[in-house]
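> give me coordinates for this.
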Amino acid sequence: MFKITKNEPDFFSKAKSKVALASVSDAWRDPEIEAIRPHLREHILHHEQNGLCVYCEKKIDSHRDNSNIDHFKLKAGHLFPEKTLDYTNLVVSCNTEGRCSTHKDSKIKFKNEYEKIVNPIHENPDEYFDYLLTGEIVPISDNEKANFTIDIFKLGRNENEGLSQTRKQLSETLKHLSNLSLEDIYESFGNEYQSFIRIIYPKLQQQGATQ
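Just a heads-up that it's a prediction; the model follows:
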C-alpha cells in the first residue's frame, strides 16, 4: 500500500455538476457518471497511482476486467452514500479475488470499522508497515490499525500466501542486483511492489556488504 495524492480532474467535476438525482446513492449509475467512468479509472490509475493497485501494488491496466474504481468508504449498504461522488474517496484497485477491494467490501459491515483501516489518501502507509525478506508484510510496533488493514486487504501476512510468495521471489532476484539504483530496480520490475523494494533493497545491499 502506498500514499497517493488526489487532484480531481475537470471532466469529473463537470459530470458531477450535471447529476440530478433524488438520492445521492444512485449517482454512480447516472448516465453522466457512467459515461466518464472508464476515463476516470484510467486517470486515477495512471496519473495518481503509477499504474499500480493502491493496496497490493500489483501492476494493472484500466480495463474493467482487471481493475475497478474502489470507493474506499463503501457507498453501498447505506454506509457512506454521501461519499459516492467524493473524489477523495476514489482509488483504483485490482480485481484479484479474495484480496484488496473485493475482500474489504465483503468484510466491512459497519461505519466505525473504517476507522481501523489505514487510508492511503489521508495517511502515509510507510508509517504503519514494514516488510520481511520472506515477502511478508508486518505492522510497525504491532500497530493495531496496521494489523487490521493487512487482514482486511489480505496483503500477505503469512509466508505461504500468494502475495507474500510473489514478493519473496522478487527479493531472491534483488539479491543479484545490488549495484543498481532504486529507480533502475523499479523500472526493471515495471514499477510493481515499490514499497517492498524500497524497504527490502537497502537491507539486501547491507547484507551483501557484510558477507
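
> show me the contacts for the closest residue to residue 125 other than its chain neighbours.
Distance criterion CB to CB, 6 or more residues apart in numbering; nearest residue to residue 125, sequence neighbours excluded, is residue 1 at 4.2 Å. All C-beta atoms are positioned from the backbone trio N, CA, C, and that covers glycine. Residue 1 sits next to 54-57, 118, 120, 125, 129, 149, 153, 155, 195 when contact means CB atoms under 8 Å, 6 or more residues apart in numbering.

> neighbours of residue 132, how many?
Neighbours of residue 132 under the rule other CB atoms under 10 Å: 18.

> mind checking how far the nearest residue to it once chain neighbours are set aside is from residue 119?
Sequence neighbours aside, residue 138 is the residue nearest to residue 132 in space, at 6.2 Å (criterion: CB to CB, 6+ apart). With distances taken as CB to CB, to the nearest Å, residue 138 is found 20 Å from residue 119.

> again, but for residue 93
The gap separating residue 93 from residue 119 is 14 Å, by CB to CB.

> which one of those two has more residues nearby?
Taking neighbours as other CB under 10 Å, residue 93 and residue 119 compare with residue 93 leading, 26 against 18.

> show me how far the helix or strand harbouring that one is from its chain's centre.
Using DSSP states H and E, residue 93 sits within strand 90-94. In terms of CA atoms, centre = their mean, to the nearest Å, the centre of strand 90-94 is set 6 Å apart from its chain centre.

> burial measure for residue 54, as a count.
When neighbours are counted by other CB under 10 Å, residue 54 comes out with 26.

> all good on my end, thank you.
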